[in-house]
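Enquirer: My questions are about this predicted structure, shown below with the sequence.
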Amino acid sequence: MVNGLGRVAFQPPDVSQVPPSMNDFIAWLNSKEAKELYPVLMSGIAHYELVRIHPFVDGNGRTARALATLILYLRGFDTKRFFAPDDYYNEDRSRYYGALQTVDPQTINITQWLEYFTEGVAVSMGRVKQVILDLSVDRRLKEERGQIYLNDRQMKILKYLQTNPRITISEIQKMFDVSRDTANRDLKLLLENTLVKRVGKGRAVYYELA
């Protein structure tokens, strides 16, 4: 396998070892042992093994990533096709190849690879969550209030309140680096359309979703 700099990042086994290695790999995929593993770990191991065996002239990495995603989908990670860990691994190819190279071919200790792989799954799932939150905010606004023009800060305030119970004027100022007057103007439209409500008095005032 050659990395983005044109250097050999991973040395596959001799071609004579590919057929028996693939037979063993497929048997493992269908084994009770594999199916009892946590889905993310099974997916990460399968990803590494297909890259290690290197059964194709080209496209082994892409095929391994596709197989890993398929395993997650079949094991219950169904996110309506939003889930694409491929994006994470493609963002920093040198780190991806580096993680593959951490595996000692003698001991086949893949701990560091699995740590990297699971980090990618976690980041990708976090992105899915954000997409869903963005869509839910937009849909709720249209269903409840019709078309309301909100600026970028106002949308981000609503998205923030989807995962946080409250927000204050000071927090809005720090979040967007704006004056208190600007923060108040942003909240004014949200209050007028009953998208947020004001709670408390004086310095203790905060805002939450209506």
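Expert: Structure received.

Enquirer: Spell out, range by range, the strands that occur in this structure.
Expert: Ranges of strands within the chain are 196-199, 206-209, based on DSSP state E.

Enquirer: looking at these, which is buried most?
Expert: Using mean count of other C-beta atoms under 10 Å, the stretch among the strands of the chain with the largest mean neighbour count is strand 206-209, at a mean of 17. Quick note: C-beta positions are derived from backbone N, CA and C, even for glycine.

Enquirer: name the helices or strands packed onto that strand?
Expert: Under the contact criterion of 3 or more C-beta pairs under 8 Å, 6 or more residues apart in numbering; DSSP states H and E, strand 206-209 touches helix 152-163, helix 180-192, strand 196-199.

Enquirer: Now tabulate these in a markdown table and tack on mean pLDDT.
Expert: As requested, these are arranged in a markdown table below (pLDDT from 0 to 100):
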| stretch | mean pLDDT |
| --- | --- |
| helix 152-163 | 85 |
| helix 180-192 | 91 |
| strand 196-199 | 92 |
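
Enquirer: any chance of these in a markdown table, plus distance to residue 205?
Expert: A markdown table is the format used below for those (distance: least, C-beta to C-beta, whole Å):
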| stretch | distance to residue 205 |
| --- | --- |
| helix 152-163 | 15 |
| helix 180-192 | 10 |
| strand 196-199 | 6 |
